[in-house]
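A.B. asks: turn this into a model:
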Amino acid sequence: MKKAIFLDRDGVLISNTDHYYIWKQDQLEYVDGVFRNLQMLTERGFLLFIVSNQGGISKGLYTKDDVMKLHEEMIRIFSKNRIEITEIVYCPHHPEVEKCLCRKPQSLMIDKLIAKYTLSKEGSYLIGDSETDMEAAQKAGIQGIMIKPNRDMHPYISFLVQ
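C.D. replies: Sure thing, here's the model as predicted:
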């Protein structure tokens, strides 16, 4: 079975220091070390997935199309840096507007990817910067790795890339 790294988006891959909601390409600022770290994880045989809550859609702050355009740009930049993101999934809901089963801390986004790609739970990890990320990992039956937001993840993942 294949092993995977599930990555939260904002605060893990792209900086959310100046923006809580990120949907415009000019807001894309990658966290230090992201390209090197993802290259190392790929070299160790991990498939990479992005799982993100995007409640600003439900709140009417931006659209699904805005998010898709941002994700296309991210895929382009990652590809340019020799990094393949297998799939990006996101929850467009916000609990103040509507209830759902997919928003982290629920594990539905992760569960679906595990089933779709026949992934090993034992060999997979979620890298996130919040308790909701860790709770989603636990519910999905995978290991959670909590990092400090907007910081190089290498000190937290060094055991995976040795």
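
A.B. asks: show me what the longest helix along the chain is packed against.
C.D. replies: For the chain, the helix with the greatest residue count under DSSP state H is helix 64-80. Taking 3 or more Cβ pairs under 8 Å, 6 or more residues apart in numbering; DSSP states H and E as the contact definition, the neighbouring helices and strands of helix 64-80 are strand 85-91. Just so you know, the C-beta spots here come from the backbone N, C-alpha and C atoms, and that holds for glycine as well.

A.B. asks: what mean pLDDT does the strand it packs on have?
C.D. replies: Across strand 85-91, the average pLDDT comes to 98.

A.B. asks: about what we covered before: now what about the longest helix of the chain, what contacts it?
C.D. replies: Residues external to helix 64-80 that are found in contact with it (Cβ atoms under 8 Å, 6 or more residues apart in numbering): 13-14, 22-25, 28, 30, 35, 38, 50, 54, 57, 84-85, 88, 90, 92.

A.B. asks: in strands, which of those residues fall?
C.D. replies: Among the contacts of helix 64-80, the members falling in strands (DSSP state E) are 50, 85, 88, 90.

A.B. asks: residues contacting the first one?
C.D. replies: Think Ile50. Contact criterion Cβ under 8 Å, 6+ apart gives 6-9, 13, 71, 74, 85, 87-90 as the residues in contact with Ile50.

A.B. asks: that one and Ser15, how far apart?
C.D. replies: Using Cβ to Cβ, to the nearest Å, one gets 15 Å for the distance from Ile50 to Ser15.

A.B. asks: quick revisit: what's the farthest-apart pair in the ones in strands among the contacts of helix 64-80?
C.D. replies: Greatest spatial distance in those: Ile85 and Tyr90, 12.6 Å, computed using Cβ to Cβ.

A.B. asks: where do the helices of the protein begin and end?
C.D. replies: Read by DSSP H, the chain holds these helices, from start to end of the chain: 34-43, 64-80, 108-117, 131-140, 154-161.

A.B. asks: out of those, which is closest to Lys2?
C.D. replies: Proximity to Lys2, assessed across the helices of the chain by Cβ to Cβ, is greatest for helix 108-117 (6.4 Å).
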